[in-house]
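[1] After the sequence you'll find the predicted model.
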Amino acid sequence: MENPEGPGVFEDEHFVVPDSFLERFSDHLQAQLLMVTDIGCYPRALYHACSRPQGSKSAILIYCREGLGYYALRGRESHTLSAGQLIIIPPITPHEYGSNRENPWTIFWIHLNGFLFYPFYEMVSSTVPVRIPEIYGTQLIGLFRQCFNILKWPYGDEEFLYLCQLATAMLALIPCAAKQPADSLSTSGIQGIERAFAFMKEHLREPIGLNELAEAARFSPSHLYYLFKQSTGCAPIEYFLRLKIRTAAKEVYFSNLPIRDIAETYGIEDPYYFSRLFKKIMGIAPTQYRKRGRG
């Protein structure tokens, strides 16, 4: 199949865990909580379609990365599944789904068994697709890739249990992603935030302002402020100060340097302001924080 994002990015993958392996783990606590039975990725799947009038013994998670497709549950009205959306099909639920002929989908999918599926499923409605913001979609694909890497080679008990834990992490992402606002970060927004983060780390020992951060992110100050509040819950400079103090805390804890000198090292000339800021962020004064390291 044609690769939608260049060579080696999305390749056709399909892995089935042998029944004998699943039976051997049937009494294991991790497997009872959540167990992977099948997993894969179909890029640009032009003629892909599936119909299960009796449903599947496993729950099915389908994440559409690109293109369009459709799905219908219990013989009811068909819904569109588009790029950046996800659907969860419960076990023993009649269903059908397939790719769009004009704009075929690229999907990542996984079949799951176990008690842990139901609490997550209850948080997310299956009647409409769940929108997955790009920042979560990237993480989700990363988890799929880790699963593929395990299954590409001969694997044993430890690798299989890790595979099940990765699947648990996938499920845990979904309620978080579903709570994000409709105007969640775009790819350009994520890249701008990453540039701002990199600039902060490079200038931790300097006093920098919003205009400098915005220039590094290649956004206007107001837009950068909006993106930071949206993605981190705090303003850019507040985030920078938190990063600065948490890094300085290591020197407070492990070194014998005077607190004043450490403050100046991180671009804060007023030691009293440094102490107030330190206590606000770390929950304890720097002198007390240091005593903990001497205890």
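    On my side now, so go ahead. Numbering: from 1, shown residues only.
[2] can you give me the mean pLDDT across the longest helix along the chain?
    Using DSSP state H, we find that the single longest helix of the chain is helix 157-178. Per-residue pLDDT values over helix 157-178 give a mean of 87.
[3] ok now it, how far from the chain's centre?
    In terms of C-alpha atoms, centre = their mean, to the nearest Å, the centre of helix 157-178 is set 11 Å apart from its chain centre.
[4] Then stretch 153-165?
    In terms of C-alpha atoms, centre = their mean, the gap separating the centre of stretch 153-165 from the centre of its chain is 21 Å.
[5] Just the C-alpha atoms of that stretch, please, in PDB.
    Coordinates of each C-alpha in stretch 153-165 appear next as PDB, following Å, rounded to 0.1, in the frame of the first residue of the first chain:
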ATOM      1  CA  TRP A 153      10.700 -10.300  17.500                       C
ATOM      2  CA  PRO A 154      10.400 -13.500  19.600                       C
ATOM      3  CA  TYR A 155       8.900 -12.400  22.900                       C
ATOM      4  CA  GLY A 156       8.500 -14.000  26.300                       C
ATOM      5  CA  ASP A 157       6.500 -13.500  29.400                       C
ATOM      6  CA  GLU A 158       8.100 -10.200  30.400                       C
ATOM      7  CA  GLU A 159       7.600  -8.600  27.000                       C
ATOM      8  CA  PHE A 160       4.000  -9.700  26.800                       C
ATOM      9  CA  LEU A 161       3.200  -8.200  30.200                       C
ATOM     10  CA  TYR A 162       4.900  -5.000  29.000                       C
ATOM     11  CA  LEU A 163       2.700  -5.100  25.900                       C
ATOM     12  CA  CYS A 164      -0.400  -5.200  28.100                       C
ATOM     13  CA  GLN A 165       0.900  -2.300  30.100                       C
END
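[6] In this structure Tyr239 contacts Leu227, no?
    No: with contact defined as C-beta atoms under 8 Å, Tyr239 does not reach Leu227; the gap is 11.2 Å. To be clear about C-beta, it is placed using only N, CA and C from the backbone, and glycine gets the same treatment.
[7] circling back to that earlier point, by contact count, what packs against the longest helix of the chain?
    Under the contact definition 3 or more C-beta pairs under 8 Å, 6 or more residues apart in numbering; DSSP states H and E, helix 157-178 sits against helix 29-33, strand 35-42, strand 106-113, helix 117-123, strand 130-131, helix 134-151.
[8] Buried deepest among those, which one?
    Mean neighbour count, computed with mean count of other C-beta atoms under 10 Å, is highest for strand 106-113 among the helices and strands packed on helix 157-178, reaching a mean of 23.
[9] Walk me through which strands that one pairs with, and which way each runs.
    strand 35-42 (antiparallel), strand 59-66 (antiparallel) (DSSP bridges).
[10] unless I'm mixing things up, Glu206 is touching Gly267, no?
    Yes: contact criterion C-beta under 8 Å: Glu206 and Gly267 qualify, at 4.9 Å.
[11] quick one: which of the two has more around it?
    The neighbour count for Glu206 versus Gly267, taken as other C-beta atoms under 10 Å, is higher for Gly267 (15 against 11).
[12] does the residue nearest to that one when sequence neighbours are not counted count as helix, strand or coil?
    Distances taken as C-beta to C-beta, 6 or more residues apart in numbering put Pro207 closest to Gly267, at 4.1 Å, once the chain neighbours are dropped. Three-state assignment for Pro207 (DSSP: H, G, I helix; E, B strand; the rest coil): coil.
[13] next one: the one 5 residues further on
    Classification of Glu212 into helix, strand or coil gives helix, according to three-state DSSP.
[14] According to the record, where do the domains of this structure fall?
    13-178, 187-294 (automatic domain parsing).
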